[in-house]
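Participant: sequence first, then the predicted structure:
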Amino acid sequence: MRSIVTAMPLEAILTVAAGLFCIGLFGALSRRNIVGILMGVELMLNAVNINMIAFWRYLEPANTSGLIFAIIAITVAAAEAAVGLAMVIAVYRTRLTINADEVDTLRG
Amino acid sequence: METYLNQTGGVPWLSLLIFLPLIGAVLAAITSEGRDGRVQKWGTFALSLAPLGIAIFLAATYTGGTTDDGRQQVYQFGERLQWITVLNAWYMLGLDGISLPLVLLTTLMTPIAILASFNVRELPRYFLALILLMETAMLGVFLALDFILFFIFWEVSLIPGFFLISSWGRAVERRRYAAFKFFVYTMAGSVGMLLAFEFFYLATRAAGRGTFDIVELTRLAQGLPVQGIQGDLGQLVFAYMQQLGVVNVLGGSANFYMGALFLAIFVALAVKLAVWPFHTWLPDAYAEAPTPASMLIAGVLTKMGAFAMLRLMLPIFPEQMRQAAFVLGFFAFMSIIVGAWVAYNIARVPFRREGKLNDVKRLISYLSINHMGYVMLAIAAAGAETGDLNTRAIAINGAVMQMFAHGLSTSALFFLAGSLAERTGSYELTAFGGLRMIAPIFAALTGIAMFANLGLPGLAGFVGEFFIFRGTWPALTLWTILSMLGLVISALALLLMFQRIFSGPVNERLRGLPDISLREWSVLLPLLALLIVFGVYPLPLMQIANETALAVVRFFSGA
Amino acid sequence: MQFSFFPDVLKILPELMLTLLALMVVIFDLFSGDASEEQRFADAASTTALGLALVFILVVLQGGYIVNRFITPADLDPTTGGIGGFFSNIFRNLQVVTDPTPGPNGVPGNVLLNGAFVIDDLTMLSRLLFIVAAFVTALLTRDYASTANPAEFFGLLLFGTIGMNLMAGAGEMITAYLALELTSVSLYIMAGYFKGDLRSSEAGIKYYIFGALSSGVLLYGLSLWYGYAAYNQIENPTTFAAVRNVITNGGEASNLLYVAVVFIIAGMGYKVAVVPFHSWSPDVYQGAPTPVTAFLSTASKTAGFVLLYRVLVTGFAPMAGSAVLSDFGGWTSLLALIAFVTMTYGNLAALRQTNTKRLLAYSSIAHAGFLLLGLIATFVPGQTEDFSQFGVPSLLYYLVTYTFTNLGAFGVLAAISRVVGGDDLSDLNGLYKRNLGLAVLMAVFVLSLAGIPPLSGFFAKFMVFQAAWESGAVWLVVAAVLNTVISLYFYLRVLKHMFMTDPSAEARIPVPFGTRMSLVVSAILVLVLGLTPSFFLPAINAVTQTAAR
Amino acid sequence: MNLIPAGMLPNLPYLTFIWGVMLLGAIIIAFLPASAKNAIRWTSTVVSFISLVLSLLVYLAYDPNGPTFQFVEQANWVPAFGISYFLGADGISIAMLVLNGFVIFTGSLISWNIENRTKEYFVLLLILVVGVYGVFVSLDLFLFFVFYELAVLPMYLLIGIWGSTRKEYGAMKLTLYLMVGSAFIIVGMLAVYFGSGLRTFNMIDLANFRPGFTARFQYAFFMPMFVGFAILAGMFPFHTWSPTGHVAAPTAVSMLHAGVLMKLGAFGCLRAAIWLMPEGAQMWAPVIITLTLLNVVYGAYIAMAQRDFKYVIGYSSVSHMGLVVMGLAALNSISINGAVLQMVAHGVMTALFFAVVGRMIYDRTHTRQLPELGGLAQVFPFAAFLFIIGGLSSMGMPGTAGFYAEFNIFMGVWARFPLVAILAGIAIPITAAYILRVIRQVFFGEVRNPHFWELPKLTWQEKTSGVILATLVILLGIFPDLIHPMIDSSVAPVVQRLDAARQTLATVGNPVLGEFPGLEVQGGQ
């Protein structure tokens, strides 16, 4: 069986992950909508997960660290997103906007 | 080693002399002022008689004497106490023949000045305190034998002068300016002297033992032995300059560096003595000062300059004096002529300009410059190369005599001018006229003072001038001859002044002025009497001065 | 996998106790019945504070701070019997004696779970700090203002503390990440806890956005790091020390590692708020409830630094390089640049602030720069295994000092804004008239931040300078010293408002007992730490001794 | 002076007592109720008096022929970093202690009229003095610095709260300038600490270790250390804080500040910079002395142009402190002696100045503009008298402390930088001119404002402190032997080091300016 390991070099996967990371970072930094920012962050985390899995699968498939790391990262990201969305709602309730530019009472 | 300082084992007479007036000053200043300060006035007067008594006692018991083959005069009534250990400065006092006449003059002038200030109304206690403080300072200068001590008194004398002029002087604005000028001018002049002596200290320190002892420095300059320091002062200075590396940069010889130091000291003393062209502070200061202060400043304070020349310059810089004698003679000549000429113009040209120009006190001030010029001339001659020992000694004697006589006569004139202004409210020459008719005795006394001042034979002024010209003739013939002109001009100035005040048509405004009062008598009598006495019989004074003068002069000749 | 249950549980007893405490606080609240909101709030706060105090004592005992220093072995001899013997057994059993021999992966101290968690003096000391910070925060919050669901707030505080404890002891990537997230998530919520307050929720959301972003960056760095470890086929590839050993034992430091270290520093940089990853901090500090700000600026930052220390010093030691200008390279020089920019920017930006909390926020940024100096100076340049005499102690001493000082400063602000209703500089006007004691306390804290002797802030700065100088970063020391002068300007402005301007209102500012006590204790600690640093230095030096192996 | 022979005094930590009693005073006052103003004032006065007596005791018991540092106390403080609590006094320190004792005692008396926030004022004042005393006796560089900072910081509050005329600006400027100085000092301290390899702050060890700091090291780190302290001494071009600070400060603070605190700077220059790095001192001397020349002349010149009474005094302080630093920079025995003497002299006289100007004049008339004053000698003859005494000392009138000090400085500078001595001489008449101008404008002439006659009379506290200070001015001028031999004996070892350094340098060469023949001469020790 032609495994994925021989079909595709590790570098290719890493590049995809890096690209994904960059897109996520760009999105997080450029979006005005808070939900949009959160989505960008999720993309970044997914890039990380791809990295982890790829490293694990290509370099030390016998071990489990990478796998566990990825699973934990996914879990934590989910929890984090939940908290984030809750806060977005809290902000929306008081201000009726989730545009980051308009959440700007704190300046100086 | 210190055989030249004859220490008193018992009573510290000289300290007493110096500090009695200081105590008086403090007492006068801190006691409360009763009715127009009568207590202070009489008290300070009485107290100021004590130094006079001491001075007379010292004069009477003064013995003189020399050591080192007559080249070093012995200082009598010496006192020597350790004072500043780190700098090796001593509290050292001594009396010699040059200082004794001046001490006498100071102690004499002070009670007279106090008498003259009996009519001071504004805060008399401070006024009197300042007069006594000035006496302390002047006596200190005449008696100190250590440079730091000397310098303290030298500069402290400015303080009372400054306050007397600025607070009790004549016109408010001008007196402040005058006092300011007096102070800053003379103080700035002293900086050079200070630096020079610091340099001597450093040089002697490098040679073994730093010293501020004036006598030791003069001995070094003369090649006389001094304990702990080897060599001649000029050589020490040069050696030190070499050690510093200055010689590498500037080059030069011992004479060059001594010349520079000489210059520094000369400027300081010339300012004090008001030698042309350093004289400009003097007319302002004298003219603006209150009468008693004018008397003391003109009578004694400026003599400090001449005294210091005799005490410091002549013995320490014989070589430089010799070289500079001609130039110094020129300065002296200029003082004589400029002083006389300005005075003459003040007297001659009435109404020339509103304000200060035709002012009696300014006239007398310029005459002071003129008279101090003679003293300067004598000192220059004493330092000059030509001329034998005796002539030069005579010049010094003349200088001492002139100082004494001028002190008496000029203060009498200032006092008379002050009395006049008190009566008329004016110092303007043109404001008077025909006073002879109204106040004949006043006119007569002014005449005596005036003639004493211009050197009429039979009065003390003549003795001084005579000896001066006699002494300066061989050494500085040119300047002596030219300076004779000054005699004529100054005489003209005085006579014109006399004429404008006392002769001519009677100024109607002045009618009914009182003639001389008892207080004025008491001030003038001793002054005029002494002028006459010493004019007729100068011997006691001359004798005292002569021995020292000879010793001073022997330095030069190396005999 | 060796796992001996009882001793290991003992070693993480504080964390377990804290978890228990958090649960207790939340559960007790459920049974509060119809008590008023204030009452519930106060109860929860008191329970938290009491619990934290007990845990504190536990940690002190465990850390050997009492036993080793004040009780001689003879006192503890069980054979002598009596009370001493009785207690000595308890002490012994409780105490986590730092193991002087390196653990299985070369990590010093007691290593649990294959290097996932490290218990050494650094962990013990950090625990103490976090617990004290949480304790003070609880006291401050109790007096600050009440809110709905009080128990959850304190629960979050405790969970945050647990997260920090874990951060401090993290010896492995996954633990580190988890601990970091536990801390962060708790703090996000705490910052935005006062929902009615516009600013509070805004602060929460901002903190959250930046935090999430930064953990993404950090995680990416960790993933690359893990990739390197995986490539080298080592056991426990996520353990810091294991990765380090690869290079130490002759492995090649690939470029991947350099990328990783940059990402990690960037991710952690957010946490500790260094320029250019600082922009969240002024807004969050200003917007968050003041006691939370106090907690954020002290415990959270300390935890961040300790973790940074663990990651960089344990994991990347061979790539340290040096901060000497002529010999640039390695993460040390990167940190040096960041330190320089951070303190300069922080101080300059603080100059024109009109809000005290913002001002202190910028000052915190600047302090992060100073703290980096200590981190930079960990190694003597050129010798990665040779620890500097001053580096770690200076970092820790600074952290301790900074924690107490900032807690105090924010505590004073909390006490003031509780009454005055604002925290602008002008709200401090004439404080001396309204409460002299408070003004003096604030002066002590502010001057300690400015580094004026004999307050501990001075000694801390001095030690950091000393350390940086020893490591050769003289240029950085000069810059830092000059920065201290700049900082003085705005610190003095605080003093000016307190002492030199007339108050806008005359009413006295009352300070509740709990707040007062915590402030006074902080102030005394600030003073005592400054006057007798020797008293605390052995504990701090112990950290070097373990870490140095 | 050694009037109290060894063994007569019980062996106690006198130096600690001296600063400790001030701290104790501060603590006592902190616990007194704010309304008990008289109790507060008395406490402050009494503790200042005790410290004065203690420092006089130390002064009398110091043996100039004994070891340089006496009354030594040493205890560990932070042994891990080589920091110890190490006190000791030499002749220079003792002169400074006594000076400080007098200034704080009179300052306490002068502060009697502080009604606003009396308690805080005295607490801060006493804390400041703790720092000042501490600096003078510290032999550990770290301790030295701690005390130094302790002395500097209370100034900010003292000026900012109780000052006048742009007080906040003045206070801030002063503090920031001095802190820049501290920054330099920290750099210097660290350099010394690591450069010696000893890992100690013990100054005696640092001064005496072999082979000593390399010339290159001293070249690099002498200046930071020196300039750091010299900023506090008001060295050009870092002097501008001083006049504004003085003008803004309340009277007693001005007294302490100009009187003692600026001396901390000069003292630090001598103790921490010159003593520890003599070769560095030798290298940089021409540069420093040129700057101080500007200080002296420019300060005097600017003082001349001022219309504000306190500014005159402020700039005169700049000028006079310039002389101190000049004396230090000339690096020979006479000049350093002179510098120390000038510290004492200037301390006393400037305290007197500020007592008169700030307390007796400004607090009553509420104006310091020279044209608005006038004729005050008639209203307050005693104040005029005191000011004149101070003024005479300031202008270097022989017979006052100022003269004797300047005399030594000029002589010392003369021996090494003749050109500088001559140029600096210009300042003497300028000083005389501005002092006389002030005396004339303020005290003489017509009473400018009739309301002056209704001003309150001088109080006994003012008179007492005035008399004490004026007496000292005269006493030290006429009997310099009171302190000079003691100072001299302590300067000698420093000069020995300096001379040795000069020898070394002659072989190494001076990297700063090479040879500078026009300015500096070779000999002259």
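Facilitator: Looks like it came in fine. Remember, it's a predicted structure, so these values are computed and weren't measured experimentally.
Participant: rest of the way, CA atoms for contacts and neighbours
Facilitator: Fine.
Participant: near chain B, which residues of the stretch 251-400 of chain D show up?
Facilitator: D:Met397, D:Pro398, D:Gly399 (Cα under 8 Å from any Cα of the partner chain).
Participant: redo that, cut-off 6 Å
Facilitator: Proximity of the stretch 251-400 of chain D to chain B (Cα under 6 Å from any Cα of the partner chain) is limited to residues D:Pro398, D:Gly399.
Participant: for chain A, what's the nearest residue on the stretch 251-400 of chain D?
Facilitator: Per Cα to the nearest Cα, D:Val253 is where the stretch 251-400 of chain D lies closest to chain A, at 37.1 Å.
Participant: avg pLDDT for the helix or strand hosting that residue?
Facilitator: In this structure, D:Val253 sits in helix D:251-256 according to DSSP states H and E. For helix D:251-256, the mean pLDDT works out to 83.
Participant: which residues sit against it?
Facilitator: For helix D:251-256, the surrounding residues in contact (Cα atoms under 6 Å, 6 or more residues apart in numbering or on different chains) are D:Gly107, D:Ser111, D:His246, D:Ala351, D:Phe354, D:Gly358, D:Arg359.
Participant: next one: stretch B:80-97
Facilitator: Here stretch B:80-97 makes contact (Cα under 6 Å, 6+ apart) with B:75-79, B:143-146, B:212, B:544-545, B:548, D:481, D:485.
Participant: span of it from start to end?
Facilitator: Length of stretch B:80-97, first residue to last, Cα to Cα, to the nearest Å: 19 Å.
Participant: cool, stretch B:514-523 as well?
Facilitator: With Cα to Cα, one end of stretch B:514-523 sits 17 Å from the other.
Participant: what do you get for stretch D:418-437?
Facilitator: One end of stretch D:418-437 sits 30 Å from the other (Cα to Cα).
Participant: cool, stretch C:30-37 as well?
Facilitator: OK, stretch C:30-37 end separation, Cα to Cα: 12 Å.
Participant: ok, now stretch D:109-120?
Facilitator: One end of stretch D:109-120 to the other measures 16 Å (Cα to Cα).
Participant: do that stretch and chain C meet at all?
Facilitator: No - using Cα under 6 Å from any Cα, we find that stretch D:109-120 stays clear of chain C, coming within 9.9 Å at best.
Participant: so what does the helix or strand containing D:Phe353 touch, helix or strand wise?
Facilitator: For D:Phe353, the element it lies in under DSSP H and E is helix D:333-354. Judged by 3 or more Cα pairs under 6 Å, 6 or more residues apart in numbering or on different chains; DSSP states H and E, the packing partners of helix D:333-354 are helix D:309-329, helix D:401-416.
Participant: output that helix as PDB, nothing but the C-alphas.
Facilitator: C-alpha atoms of helix D:333-354 as PDB (Å, rounded to 0.1, in the frame of the first residue of the first chain):
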ATOM      1  CA  SER D 333      46.700  68.300  48.200                       C
ATOM      2  CA  ILE D 334      46.100  72.100  48.500                       C
ATOM      3  CA  SER D 335      43.300  72.200  46.100                       C
ATOM      4  CA  ILE D 336      41.500  69.200  47.500                       C
ATOM      5  CA  ASN D 337      41.900  70.700  50.900                       C
ATOM      6  CA  GLY D 338      40.500  73.900  49.600                       C
ATOM      7  CA  ALA D 339      37.600  72.100  48.000                       C
ATOM      8  CA  VAL D 340      36.600  70.400  51.200                       C
ATOM      9  CA  LEU D 341      37.000  73.700  53.100                       C
ATOM     10  CA  GLN D 342      34.900  75.400  50.500                       C
ATOM     11  CA  MET D 343      32.200  72.800  51.000                       C
ATOM     12  CA  VAL D 344      32.100  73.700  54.600                       C
ATOM     13  CA  ALA D 345      32.400  77.400  54.000                       C
ATOM     14  CA  HIS D 346      29.800  77.500  51.300                       C
ATOM     15  CA  GLY D 347      27.500  75.300  53.300                       C
ATOM     16  CA  VAL D 348      27.500  77.600  56.200                       C
ATOM     17  CA  MET D 349      27.300  80.800  54.300                       C
ATOM     18  CA  THR D 350      24.700  79.700  51.900                       C
ATOM     19  CA  ALA D 351      22.600  78.400  54.700                       C
ATOM     20  CA  LEU D 352      22.900  81.800  56.200                       C
ATOM     21  CA  PHE D 353      21.900  83.400  52.900                       C
ATOM     22  CA  PHE D 354      18.800  81.300  52.500                       C
END
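Participant: can you tell me how far the residue of the stretch 451-559 of chain B found nearest chain D is from B:Arg71?
Facilitator: Nearest residue of the stretch 451-559 of chain B to chain D (Cα to the nearest Cα) works out as B:Val552 at 28.1 Å. Distance, B:Val552 to B:Arg71, by Cα to Cα: 7 Å.
Participant: so those two - more neighbours on which side?
Facilitator: Legend: neighbour count by other Cα atoms under 10 Å in any protein chain shown for B:Val552 and B:Arg71, higher for B:Val552 (26 against 22).
Participant: mind listing what's buried in the top helix by length along chain C?
Facilitator: Taking DSSP state H as the criterion, chain C has its longest helix at helix C:198-231. Within helix C:198-231, the residues that count as buried by 16 or more other Cα atoms under 10 Å in any protein chain shown are C:198-230.
Participant: show me what stretch C:35-55 is in contact with.
Facilitator: C:Val25, C:Phe135, C:Ala138, C:Arg142, C:Ser146, C:Pro150, C:Ala151.
Participant: how about 7 Å then?
Facilitator: C:14, C:21, C:25, C:29, C:32, C:131, C:135, C:138-139, C:142, C:146, C:148, C:150-151, C:154 (Cα atoms under 7 Å, 6 or more residues apart in numbering or on different chains).
Participant: next: stretch C:179-190.
Facilitator: A:80, C:153, C:156-157, C:159-160, C:163-164, C:166-167, C:204, C:207-208, C:292.
Participant: do the same with stretch B:493-513
Facilitator: The contact list for stretch B:493-513 (Cα under 7 Å, 6+ apart) reads B:343-344, B:347-348, B:423, B:429-430, B:432-436, B:438, B:443, B:450.
Participant: ditto for stretch B:478-489
Facilitator: B:Gly329, B:Phe330, B:Phe333, B:Ile336, B:Ile337, B:Ala340, B:Trp341, B:Tyr344, B:Phe469, B:Thr472, B:Trp473.
Participant: again with stretch D:154-162
Facilitator: Here stretch D:154-162 makes contact (Cα under 7 Å, 6+ apart) with C:499-500, D:121, D:124, D:128, D:167-168, D:171-172, D:175, D:248-250.
Participant: before we move on, the earlier item: greatest separation within the contacts of helix D:251-256: which pair is it?
Facilitator: Pairwise distances across the contacts of helix D:251-256 peak at 15.6 Å for D:Ser111 and D:His246 (criterion: Cα to Cα).
Participant: quick one: contacts for C:Phe445?
Facilitator: Contacts for C:Phe445 (Cα under 7 Å, 6+ apart) come out as C:Thr405, C:Gly408, C:Ala409, C:Ala523.
Participant: kindly report the same for A:Arg31.
Facilitator: A:Ile37.
Participant: phi, psi for it please.
Facilitator: The phi and psi values for A:Arg31, taken as degrees, to the nearest 10, are phi -70, psi 150.
Participant: what number of residues lie near B:Glu122?
Facilitator: Look at B:Glu122: counted by other Cα under 10 Å, it has 12 neighbours.
Participant: report pLDDT for it.
Facilitator: 78.
Participant: so how far is B:Leu164 from it?
Facilitator: Plainly put, B:Glu122 is 11 Å away from B:Leu164 if you go by Cα to Cα.
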